[in-house]
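Model the following, please.
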Amino acid sequence: MKLLNYMQFTKNTSKDKIFSLGAILKIIIAIFIIVFGIILINQINLPAPDKQIEKILPNENFKTIK
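Model prediction:
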């Protein structure tokens, strides 16, 4: 009967640890995906616009400030 008094069931959780191995691994994978995405976006060659955009504004729109 004395043996039953000493048996206790404890729940082992990782709440004690600030950074567990799984959290660090998830952060590293997320950073890798972001960096890889930025590299892929930089590789895309988008054509520059060829046509010059020019708009002539009439003098009525300008106000003189003294």
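
where in this protein is pLDDT low?
Across the chain, the ranges flagged by pLDDT under 70 are 1-19, 59, 61-63, 66.

Which residue ranges of this protein form helices?
2-6, 21-43 (DSSP state H).

winner for burial among the ones you listed?
Sort those by mean neighbour count, taking mean count of other CB atoms under 10 Å, and helix 21-43 sits at the top with a mean of 10. For every residue, glycine as well, the C-beta is placed using N, CA and C.

Other residues contacting it?
Taking contacts as CB atoms under 8 Å, 6 or more residues apart in numbering, no residue outside helix 21-43 touches it.

could you measure I29 against P49, distance?
According to CB to CB, to the nearest Å, I29 and P49 sit 38 Å apart.

again, but for I24
To P49, I24 is 45 Å away according to CB to CB.

With I38 instead?
In terms of CB to CB, I38 sits 24 Å off from P49.

Repeat that for S20.
Distance from S20 to P49, counting by CB to CB: 51 Å.

of those two, who's got more company?
Legend: neighbour count by other CB atoms under 10 Å for S20 and P49, higher for S20 (12 against 7).

how much space between the more buried one and I33?
20 Å.
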